[in-house]
Every structure is written in C-alpha cells, then in structure tokens.
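Q: After the sequence you'll find the predicted model.
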Amino acid sequence: MNEAASKDKRRKLVDATMRRYGHSQYALIETLHSVQEVYGFLDDENLKYVSDALRVPLSKIYGVATFYHFFTLKPQGDHTAVLCTGTACYIKGVPAILSAIRNNFSVEAGETREDGKLSLLTARCIGSCGLSPAIVLDGEIAGQITPEIVVDRIGRMIQNDA
Ligand code: FES
C-alpha cells in the first residue's frame, strides 16, 4: 500500500472522531487521541489538519498536545516505525514482532534509539486490520508482517542513509 492510500485510511478514522463530536471545539482532545491512536504520535501535518477542521488555532493545539503527558509529538528519530498493537494485529503475533524489533535494534516502544536513527512507537489500530499484523515504516503501511520481514525492512530502512 502506498503512502497516500495508507494515510487516507488513517485520516478517515480521525475524520470519524471529529464527526462523532460534531466538529465542536470540545472534540479537540478526542481528536488528538484519535490521531495518536492511528499514527502513533502527533505530527505537524495532522495537527495542522485538525486545526483547520475544528477551527482551533494551531498554537492552542500545540499547547494541549504538550500539556498532557499522554500525547507524543513527532519523534526525533531519522526513521519511524509505528507497530500496531490493536486486537486484530496483536492476536496475529505482535508480541514476537515487538521483541524482534527491540532485540535487533536496541530500541524500546515509545523511544528513540541512542544514535537517533530509529523511533519505535505503537498505535491502537491503524485502520488496516485486513492486513494484520501491520506496521507503518516511515509513513508506509506494511501488512502481514513477520518478525523476519520487519527486521529486514527496518534494517534496510536504517542502512539506506548510512
Ligand atoms: S488492529 Fe492493527 S490495523 Fe487494526
């Protein structure tokens, strides 16, 4: 699945949250939760999107995002892996995939590797349950992954800019 298509599916989940709360300004926290659940973190592009959709100033959104400790702003790593830990993915082998990433790349979920090359995050459902288990690598969804596939893909992703 290319980056645009995967972004679109996740965006739809965010849109559904905004609709559910009537696009009112009170929808902000729920919408930010939704962004984090499907993207793993709050990135500039999505914050701008939410700002426009809910007509809330971007400065206020950053204020909310940085005030609450459960929100994670865009990670600092050169590359980002967001592993889906939602139910559909979880029952198809996420624990083994998570261990493989941690062991092979020395990075914990929610953290960035010491050399800054990789940030590992988790999401609660990235809207691609039919492809479970799934991961988003630098914005692109990879489905039906195994520990071996993920280690190979992340290894190549990191090496590419060596
Ligand atoms: S639970 Fe993983 S994509 Fe839905």
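A: Looks like it arrived, so ask away. Just so you know, these numbers come straight off a predicted model, no measurement behind them.

Q: Check which helices and strands the lengthiest helix in the chain sits against.
A: If you go by DSSP state H, the chain has its longest helix at helix 3-20. Applying 3 or more C-beta pairs under 8 Å, 6 or more residues apart in numbering; DSSP states H and E, we find helix 3-20 packed against helix 28-39, helix 44-54, strand 140-142. All C-beta spots, glycine's among them, are computed from the backbone N, C-alpha and C.

Q: ok, and what's touching it?
A: The contact list for helix 3-20 (C-beta atoms under 8 Å, 6 or more residues apart in numbering) reads 27, 30-31, 33-35, 37-39, 46, 49-50, 53-54, 125-128, 136, 139-141.

Q: Those residues also near the ligand: which ones?
A: Under the cut-off given by C-beta under 6 Å from any ligand atom, the ligand has 125-126, 128 from the contacts of helix 3-20 close to it.

Q: Out of these, flag the one nearest to the ligand.
A: Relative to the ligand, the closest of the ones next to the ligand among the contacts of helix 3-20 is residue 125; by C-beta to the nearest ligand atom it sits at 3.6 Å.

Q: residues near the closest one, how many?
A: Neighbour count for residue 125, taken as other C-beta atoms under 10 Å: 18.

Q: Return the per-residue confidence for it.
A: What the model reports as pLDDT for residue 125 is 90.

Q: Could you do the one 10 residues further on as well?
A: Note on residue 135: pLDDT of 95.

Q: For ChimeraX, what selects the buried ones among the contacts of helix 3-20?
A: Selection of the buried residues among the contacts of helix 3-20 in ChimeraX, burial being defined by 16 or more other C-beta atoms under 10 Å:
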select :27,31,33,34,35,37,38,39,46,49,50,54,125,126,127,128,136,139,140,141
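
Q: Am I right that residue 65 is in contact with residue 41?
A: No - between residue 65 and residue 41 there is no contact under C-beta atoms under 8 Å: 9.8 Å.

Q: related to what we said a few turns ago, mean confidence score for the longest helix of the chain?
A: Taken as a whole, helix 3-20 has an average pLDDT of 85.

Q: got the CA coordinates for it in PDB?
A: Listed next in PDB are the C-alpha coordinates belonging to helix 3-20 (Å, rounded to 0.1, in the frame of the first residue of the first chain):
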ATOM      1  CA  GLU A   3       1.900   6.200   1.500                       C
ATOM      2  CA  ALA A   4      -1.100   8.200   0.200                       C
ATOM      3  CA  ALA A   5      -3.500   5.300   0.500                       C
ATOM      4  CA  SER A   6      -2.400   4.400   4.000                       C
ATOM      5  CA  LYS A   7      -2.600   8.000   5.100                       C
ATOM      6  CA  ASP A   8      -6.100   8.200   3.700                       C
ATOM      7  CA  LYS A   9      -7.400   5.200   5.700                       C
ATOM      8  CA  ARG A  10      -5.900   6.600   8.900                       C
ATOM      9  CA  ARG A  11      -7.200  10.000   8.100                       C
ATOM     10  CA  LYS A  12     -10.700   8.600   7.800                       C
ATOM     11  CA  LEU A  13     -10.600   7.300  11.300                       C
ATOM     12  CA  VAL A  14      -9.600  10.700  12.500                       C
ATOM     13  CA  ASP A  15     -12.400  12.300  10.500                       C
ATOM     14  CA  ALA A  16     -14.900   9.800  12.000                       C
ATOM     15  CA  THR A  17     -13.900  11.000  15.500                       C
ATOM     16  CA  MET A  18     -14.400  14.700  14.500                       C
ATOM     17  CA  ARG A  19     -17.800  13.800  13.100                       C
ATOM     18  CA  ARG A  20     -18.800  12.000  16.200                       C
END
